[in-house]
Every structure is written in structure tokens, then in C-alpha cells.
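1. the sequence and its predicted three-dimensional model are supplied below.
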Amino acid sequence: KDLFLLRDNLSQAAFLHLNAIETPYLALRMIQLGQAPALLGHEESEWLECKSFAYEFKKIHESLWKHELAEDVAQFANTESGGLLLIGFHTKRKAGIDTIEKITPVPASDTRLQAYRDILRQRIHPPVGRLLIESFPWNGGQIVCIFVPPQKYENQPYLVSGSVIQGRYMRSGVTIVRRQGDASIPITAEEIHSTLVAGRAFLRGRMGKQAERDGP
């Protein structure tokens, strides 16, 4: 068993060095193989975001951190490549970009993962497909990974129930966000309209083809 583990570690060190971690899946695999320190020095990007603390430990109202969690996941669902949200990784601003500086494991919890799954299932519409939420023990605590695989284009944009106005959570309305660089930005009205128009055109095309197949 030790020899197999050593082999895996050597293979990862040789073939998945820092510059080779260019996708959310490869970053997730490094953590799954116990190689989380390989991400030190890695910059946040369109597919990577880090949090130093677990959401429930933020000094804000429960409704706000739950909404933030849903937004952070939905933003990756609204991209082409998906993304990876890491909890227990501290970043520092370097040359204008947040860069992973150290691992800051959060207190271990037996209920956190299921709680996050429930929140995301209730607040993101449609549900994010093949969403993976895992935790890994680290220095007496744990690090958490939320992996968002690429989603079907026809399901986008993914909507988050509710909105935050002037620091207060409002149950009415929806929020639509997407990832740009290392930041989350709202989708504009023009983009929403374009998506709706494209969707209607797609449906008309499908209905027309179906009518042709059915005949008179």
C-alpha cells in the first residue's frame, strides 16, 4: 500500500506540476490524491475560487451566506468550462490577482456537506448536473471541494432564488451571475434577452422539424 501511494505521489509530482494544473478537474484530482500543497501559488481564475472560511462561519446573516454559496456555484455553472470552489485555502492579492498563499483547514463537520447540497438544490434552478462536493482531512480540520462540471448550454443561465439589495436578503426575484476572470459579475439584461431569443428560436426549429416528420 505504501509503495502504491509513493508511486502515485511521484507520478503527480512529475507530470502534474503547478503549470500543468489548468482545469478544475486536474486541481480536484491533486487534492483527492493528497497533493493539495501543489496548488500553492496558483492564481484564482475563471474556473477557480478559494475561501478561507466555511460559509457558515461568516459573520453575516444565515440567509446571506446561503445566497453567497449558491451564487458562487451558479457562476461556474454559467461558464463553458465549469469550475472548482475550494474552502480552506487562503489567498493574497499579488499583481492584482488573488493567489493561493496557504492552506487554512476549516473545523471538521459531519453535516456540512449535506447542508451545502441541500442549499444548492433548493436555491439554484435548474439543478446543477453532476455536482460533486467532497471534504478531505487536513491538519486536524478539513478542506472542502465543490466541483462544477461543464453544464449543457441549453440549461443556462442557472438562476439563484432571491437577491441581495443593500446588504439585505430578499426572497423575491432571482439573481443571475457568471464568472469573468477571478470575479463574479451579474449577467446583463441584454445577455438575458439574447438567451431567451436564442432559446425560442431553438424551440421553433425543433417544432418545425417535428412537424415535417409528422407530415400532414
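-> Cool, got the structure.
2. poorly predicted segments of this protein, please.
-> 5, 8-19, 187-189, 191-193, 195-196, 199, 202-203, 206-216 (pLDDT under 70).
3. mind listing the strands for it?
-> Counting by DSSP state E, one finds strands in the chain at the ranges 48-51, 83-87, 89-94, 97-103, 124-125, 132-138, 141-148, 159-165, 168-175, 177-180, 183-186.
4. okay if I get these as JSON lines plus mean neighbour count and distance to Gly205?
-> Quick note: C-beta positions are derived from backbone N, CA and C, even for glycine. Output for the strands of the chain, formatted as JSON lines (neighbours: other Cβ atoms under 10 Å; distance: least, Cβ to Cβ, whole Å):
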{"stretch": "strand 48-51", "mean neighbour count": "23", "distance to Gly205": "36"}
{"stretch": "strand 83-87", "mean neighbour count": "25", "distance to Gly205": "31"}
{"stretch": "strand 89-94", "mean neighbour count": "15", "distance to Gly205": "44"}
{"stretch": "strand 97-103", "mean neighbour count": "16", "distance to Gly205": "42"}
{"stretch": "strand 124-125", "mean neighbour count": "18", "distance to Gly205": "24"}
{"stretch": "strand 132-138", "mean neighbour count": "16", "distance to Gly205": "34"}
{"stretch": "strand 141-148", "mean neighbour count": "23", "distance to Gly205": "29"}
{"stretch": "strand 159-165", "mean neighbour count": "18", "distance to Gly205": "24"}
{"stretch": "strand 168-175", "mean neighbour count": "12", "distance to Gly205": "27"}
{"stretch": "strand 177-180", "mean neighbour count": "20", "distance to Gly205": "25"}
{"stretch": "strand 183-186", "mean neighbour count": "14", "distance to Gly205": "29"}
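5. can you redo these as JSON lines with distance to Pro37?
-> Below are the strands of the chain laid out as JSON lines (distance: least, Cβ to Cβ, whole Å):
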{"stretch": "strand 48-51", "distance to Pro37": "14"}
{"stretch": "strand 83-87", "distance to Pro37": "13"}
{"stretch": "strand 89-94", "distance to Pro37": "11"}
{"stretch": "strand 97-103", "distance to Pro37": "7"}
{"stretch": "strand 124-125", "distance to Pro37": "31"}
{"stretch": "strand 132-138", "distance to Pro37": "10"}
{"stretch": "strand 141-148", "distance to Pro37": "11"}
{"stretch": "strand 159-165", "distance to Pro37": "33"}
{"stretch": "strand 168-175", "distance to Pro37": "35"}
{"stretch": "strand 177-180", "distance to Pro37": "25"}
{"stretch": "strand 183-186", "distance to Pro37": "25"}
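6. wait, which of the ones you listed is closest to Glu68?
-> Checking those against Glu68 by Cβ to Cβ gives strand 159-165 as the closest, at 8.3 Å.
7. so what touches the closest one?
-> Strand 159-165 is touched from outside by 63-64, 67, 70-71, 74, 122-125, 169-177, with contacts defined as Cβ atoms under 8 Å, 6 or more residues apart in numbering.
8. partners of that strand in the sheet?
-> strand 124-125 (antiparallel), strand 168-175 (antiparallel) (DSSP bridges).
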